[in-house]
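J.: Requesting a structural model of the entry that follows:
(chains A, B, C and D)
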4 protein chains.
Amino acid sequence: MVGCPVGCLVIGGADTFTCVTAVAVIGAAGRMGKTTCDAVEAAADLTLSARVGSGDDLVAGLKGADVAVVMTSPDGVDDIVVTCVEQGVHAVVGTTGWTEDGLARVRAALAKAPGVGVLLAPNFALGAVLLMRFAAEAARYFESVEVVELHHPNKADAPSGTARHTAAQIAASRREAGLPASPDATTAVLDGARGADVDGVRVHSVRLQGLVAHEEVLLGGPGEQLTIRHDSFDRVSFMPGVLLAVRQVSGRPGLVRGLENYL
Amino acid sequence: MVGCPVGCLVIGGADTFTCVTAVAVIGAAGRMGKTTCDAVEAAADLTLSARVGSGDDLVAGLKGADVAVVMTSPDGVDDIVVTCVEQGVHAVVGTTGWTEDGLARVRAALAKAPGVGVLLAPNFALGAVLLMRFAAEAARYFESVEVVELHHPNKADAPSGTARHTAAQIAASRREAGLPASPDATTAVLDGARGADVDGVRVHSVRLQGLVAHEEVLLGGPGEQLTIRHDSFDRVSFMPGVLLAVRQVSGRPGLVRGLENYL
Amino acid sequence: MVGCPVGCLVIGGADTFTCVTAVAVIGAAGRMGKTTCDAVEAAADLTLSARVGSGDDLVAGLKGADVAVVMTSPDGVDDIVVTCVEQGVHAVVGTTGWTEDGLARVRAALAKAPGVGVLLAPNFALGAVLLMRFAAEAARYFESVEVVELHHPNKADAPSGTARHTAAQIAASRREAGLPASPDATTAVLDGARGADVDGVRVHSVRLQGLVAHEEVLLGGPGEQLTIRHDSFDRVSFMPGVLLAVRQVSGRPGLVRGLENYL
Amino acid sequence: MVGCPVGCLVIGGADTFTCVTAVAVIGAAGRMGKTTCDAVEAAADLTLSARVGSGDDLVAGLKGADVAVVMTSPDGVDDIVVTCVEQGVHAVVGTTGWTEDGLARVRAALAKAPGVGVLLAPNFALGAVLLMRFAAEAARYFESVEVVELHHPNKADAPSGTARHTAAQIAASRREAGLPASPDATTAVLDGARGADVDGVRVHSVRLQGLVAHEEVLLGGPGEQLTIRHDSFDRVSFMPGVLLAVRQVSGRPGLVRGLENYL
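T.: Below you'll find the predicted structure:
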């Protein structure tokens, strides 16, 4: 019987073995955290090593974990991810609302921990990832583009991390194609009407009871419009992407932003 | 042969006559103005008495007119409407972007001209008027409501006059029903992301090449959403409402806001 | 202490009493049935007297019930409602897919049971009921109207009962307004492309994994479109309407179709 | 002065020359035909050699033309394209509603005319072409997919050629990915409700006054939906694609279906 090459738990006997990845869920008491715990427990190749809540000792919770899935609120998430990296635990992070300063701190921690991987994914739904890719591709062919994202009213940040990420990718694609800014003759504006400016792309955030998580990219040219919309009706839509990330993060050292880089 | 009781032109002979309303179009060189001129010329009971452009003498243009249709840009529209009232010419006004000060000036002029009617209608499309009525009615049954309006990128004001009017009606309906503000837990917001605040209702303005004029009211409650959307694809959609207003304005003295009051 | 005038259970003591309506849920093992049981148990003025599944004795299950909520599959629902009526139990019915024959049988049973009420409501969501009312009102102002309904792929009937009901109300409203059929120059059609014909209104049924229950009414005139859409994301959206119906059905003898008649 | 290598008109003088492609528009009296004539006349490198209407002699109209743009009604379009090929004139065809028999006749004609190119494009709008590509790519990741197309009520065929083409590409993509049919538990269906079946993909055709040409692809998986929608508000949206095709068709011998093959 051979040992697992990366040192994880061995199950099964004789000459065969199956690596089981141990997963700690940080923010386990939240709704996304609970759904993640359920999905990890249901996966044969994963084991749930810890459920860590906001009052728990993080370092103790990371003990024995190969991968941490971080599903906390934005506040203090950089401290959490830095601690994961320092403990040598790969991190799959769904929390959004990152600041430049927070990103710099994670990068600094990773520089001292070669081999550790961190994935910041504002959205794990496959449809959302496809939306971003299609939006970036289409953006080079249309004069105008704006983003509308719609969420339940309990969301803390606006725009959503997904929408900021989408807008940034659209902006990069337009720059690459040499496109100027979307035309806009507005002269008399009521404060906030034209949305937030993310890298030159207008982003509008709707908050509505009954909704879950929805994003729409609107592209316009002479006489035509192309609309790409993603609706997450239920947190289960994120789980295939979360598990895919948990399985791949150890092979992707350093900081990666966006699940599309894993596809 | 009898004369027309309101003193307008008489056509036909003998004992029958048809009143013909003389219409001056102000802003006749613009796209809405041109479409209005075409519609007036095509109507058997209306005659186009003048096409007035931005460089023309307004008082001269109003000579002989029963009704002025004002389709100018927002700048200086209050002067134009005050002049119409002073000349005893009823005004049907599609121009939006009115200030409180401008409205006060029109009201003051009307106070000295009993019998003269002014209609300020941010939107003459029947579908848009129905949208406003339905939105105001539904608003009392849902916790959350926001407005998204989408227009071509040459539009000067944001939000559109229609959207402001819609939001104001929604707000009044919610106040009447005793509803609190729509829930919103946003704490980390990028400037402008949550739209403009019109009487407590969030309004988002999208500007996109290829679009004409579109408005969407989103209403949300536990587990459900109701969406009412109006699309104006072409200026012809406004003409039935404009002509209806031209025919009724002389019977509606004073200031009226919104075509729905004529239905 | 006085007794309840309609003979139901008495709780509380002394001179005050509260009537408690006893509710039997038929189809209690289904998803709508379970959600209904939860909602009944959570309501202070209702008590759940029986959960009746497909293999259970219906007459036994109705014993002691004031009202039956029927949330079964279409097959055999007319037998179930006839039995309720024969047992003197009011029925609130969410099951759709009714045939003319089934309706006739229920009417015949009600004729012999004066005082018993039956409500057939294809949809209990308030937003859906508003959609139907708005659609019927708007339908008289537009040349064209079609209905698109979208549901999860486990639904048995197409179109949905809600969509049929909506189309029938639209058709009645257009007839009343003297409108001709919606224009349609189609000459080369692939079988089924133009949807089902419900009283002259075209209805299209989409079945898609991930969806719950959604309905869209599209109205079109020269240069404009009005769209009214309702999304049910979760069965909880139906519960306020179900409970409202349970509380009112005993006061509405005979057959009533559509929750809008209770508003 | 050198001649044009492909023998077309020479304009300019001395040692420079510009090839001008001569274009005959077939169906020139229709709305798409007229818009095409305008676009050809406005292009410096194209010249309009003939406007051919339904009563005109086709062979005479093709005289001197390098490329024919065919924008007729479906009836008899195969005869027209076969004649173009026999006359050695490349054809860019926007007419939809092709039968297998018609396609076979065009292929047979092309077999005898090596070097002649025919492009059958159900849609020339860039956004529509991107929609088709994105839909085919996304289709491999979702359990369910359906197509809804919406047009003005004067359209003769249902579904539209664009929608059939989109559905066929989606079906091919799903087959390649080994996906089974979209789930559908419908047992009680009103004729036509579930749309037309195009290679196993359901397609719904809405016809509404006020609309131009719109297409929506709906993709669904557990808890999520991806929607890709294209709106053509005006025939001008087709012209960049028509001109691109006119410029490339001589370099693409044989039968090509879909503008995406030219991008």
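
J.: Could you tell me which residues within stretch A:192-199 count as buried?
T.: Applying a neighbour-count criterion of 16 or more other C-beta atoms under 10 Å in any protein chain shown, one finds A:192-196, A:198 buried in stretch A:192-199. The C-beta positions use only the backbone N, C-alpha and C, and glycine is treated the same way.

J.: now stretch A:96-114
T.: Residues of stretch A:96-114 classed as buried by neighbour count (16+ other C-beta under 10 Å): A:96-98, A:102, A:105-106, A:109-110, A:113.

J.: Whether the helix or strand A:Glu137 falls within contacts chain D - can you check?
T.: Assigned by DSSP states H and E, A:Glu137 belongs to helix A:126-138. Yes: contact between helix A:126-138 and chain D, assessed by C-beta under 8 Å from any C-beta of the partner chain, occurs at A:126-128, A:130-131, A:134, A:137-138.

J.: I'd like those as TSV, with neighbour count and distance to A:Gly55 appended.
T.: Converted to TSV, the residues of helix A:126-138 next to chain D look like this (neighbours: other C-beta atoms under 10 Å in any protein chain shown; distance: C-beta to C-beta, whole Å):
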residue	neighbour count	distance to A:Gly55
A:Leu126	23	34
A:Gly127	28	35
A:Ala128	28	31
A:Leu130	22	38
A:Leu131	25	36
A:Phe134	24	42
A:Glu137	16	45
A:Ala138	23	46
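
J.: nearest to chain C, of those residues?
T.: A:Gly127 (8.9 Å; C-beta to the nearest C-beta).

J.: hang on, that closest one packs against D:Leu226?
T.: Yes: applying C-beta atoms under 8 Å, one finds A:Gly127 in contact with D:Leu226, separated by 3.9 Å.

J.: Overlap of the contact sets of those two?
T.: Between them, A:Gly127 and D:Leu226 share these contacting residues under C-beta atoms under 8 Å, 6 or more residues apart in numbering or on different chains: A:230-231, D:138, D:142, D:219.

J.: Next, give me the two most distant ones among those residues.
T.: Using C-beta to C-beta, the pair of those lying farthest apart is A:Asp231 and D:Ala138, separated by 13.7 Å.

J.: Now the common contact residues for those two.
T.: With C-beta under 8 Å, 6+ apart, A:Asp231 and D:Ala138 have common neighbours A:127, D:226.

J.: which residues touch the residue in the stretch 151-263 of chain A positioned nearest to chain C?
T.: The minimum distance from the stretch 151-263 of chain A to chain C, using C-beta to the nearest C-beta, falls at A:Phe233 (5.7 Å). Neighbouring residues of A:Phe233 by C-beta under 8 Å, 6+ apart: A:212, C:210-212, C:233, D:223-225.

J.: nearest to chain B, of the buried residues of stretch A:96-114?
T.: Ranked by distance to chain B (C-beta to the nearest C-beta), the buried residues of stretch A:96-114 are led by A:Gly97 at 5.5 Å.

J.: Hmm, the closest one is touching A:Asp157, no?
T.: Yes: counting by C-beta under 8 Å, A:Gly97 touches A:Asp157, with 4.3 Å between them.

J.: what inclination does the longest helix seen in chain A have with respect to helix A:126-138?
T.: Secondary structure of chain A read by DSSP state H shows that its longest helix is helix A:161-176. Interaxial angle, helix A:161-176 versus helix A:126-138 (axes from the mean of the first three to the mean of the last three C-alpha atoms, to 10 degrees): 20 degrees.

J.: could you say what helices and strands helix A:161-176 packs with?
T.: Other helices and strands packing on helix A:161-176, by 3 or more C-beta pairs under 8 Å, 6 or more residues apart in numbering or on different chains; DSSP states H and E, are helix A:126-138, strand A:144-151, strand A:196-198, strand A:201-207, strand A:213-221.
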